[in-house]
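> A structural model of the following input is requested.
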Amino acid sequence: MATAAQTETPVVAPAPTYKPSRLPYPATVVWGKFIWPYVGAFTFYHVVALAAVIPWLFTWTGLALFLFGFYIYGTLGINLCYHRLLTHRGFTCPRWLEHVFAILGVCCLQDTPCRWVAVHRRHHQVSDEQPDPHSPLASFFWGHMTWLIHVNKDLERRELYERYSKDLFQDKFYRDLERRLVWVWINLAQWAV
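You can find the predicted model right below:
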C-alpha cells in the first residue's frame, strides 16, 4: 500500500523565465572612428529610398523591381548563400551555382563573402556574450547596423579571416572577390545604370 508521501503530487518549481540582460558594447570598438564607406552607403540608400514617397517618382514597376530584387539579392544572396551555404555549410550545390549566389550577395553591398562569413562565425562563437560583434542585447540599432559603421579592432580583416574564413580563401573565386571587390562593384553599377 502506498504511503501518503508517495501519493502526493510532486511540487514542480516553475521554469525560470529567461530575461536577457543588456550586454555592454565590445571593448574593442573605437567610438570616434567611423567606417566611412558604410556610413555613406547607409545614408545614400536611405535618402534614395525616401524618394519613393514622392508621388511623381513612385511607379508600380519600381515597387515590383524592389520586391523582386529583395527576394533575389537578399533571400538568395544573403540568407541562402552567405548564411546557410557559406557560413554554416548547411547544404551543398554545384560550385558554379554557389558562385552565382555569392555574386547576388555582393550586390547587397554587405561586404565580401569572406568578411561576412568570418564576422558571422565569430558572432556564433560568442553569441550574446562578450565580445559578440553585433549582439542586439547591446542595443537594437547596434545589432542591426551601428556595429557596421564603427571601427572594431576585434574585426581586423587578416586575423578574422585566418581564424574564421580560411576555408573560403582556398577558392580562387573568393580570393579574387576579396582583392578586386571595387571592380566588381563598378561593373555591377554599370549594369544597374
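> tell me the SS of Asp111?
The three-state label given to Asp111 by DSSP: H, G, I helix; E, B strand; the rest coil is coil.
> Cys93 and Arg84 touch, don't they?
No: look at Cys93 against Arg84 with Cβ atoms under 8 Å: they stay out of range, at 10.6 Å. Quick note: C-beta positions are derived from backbone N, CA and C, even for glycine.
> can I get the CA coordinates of stretch 115-125 in CSV?
Provided in CSV are the C-alpha atoms of stretch 115-125 (Å, rounded to 0.1, in the frame of the first residue of the first chain):
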residue,chain,number,x,y,z
ARG,A,115,34.3,39.0,-44.4
TRP,A,116,30.6,38.4,-43.9
VAL,A,117,31.2,34.7,-43.1
ALA,A,118,34.1,35.5,-40.8
VAL,A,119,32.1,38.0,-38.8
HIS,A,120,29.0,35.8,-38.6
ARG,A,121,31.1,32.7,-37.5
ARG,A,122,32.6,35.0,-34.8
HIS,A,123,29.1,36.0,-33.8
HIS,A,124,28.1,32.4,-33.4
GLN,A,125,31.2,31.5,-31.4
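> Now tell me what touches it from outside.
78, 82-83, 86-87, 105, 110, 132-135, 154-155, 157, 160-161, 163-165, 168, 178 (Cβ atoms under 8 Å, 6 or more residues apart in numbering).
> Going by neighbour count, which residues in it are buried?
Arg115, Trp116, Val117, Ala118, Val119, His120, Arg121, Arg122, His123 (16 or more other Cβ atoms under 10 Å).
> Would you agree the fifth one falls within a helix?
Okay, so that is Val119. Yes: per three-state DSSP, Val119 lies within a helix segment.
> which one's the longest helix in this structure?
helix 36-50 (DSSP state H).
> continuing past that helix, what's the next helix or strand?
helix 60-69 (DSSP states H and E).
> okay, the angle between that following helix and helix 36-50?
140 degrees (axes from the mean of the first three to the mean of the last three Cα atoms, to 10 degrees).
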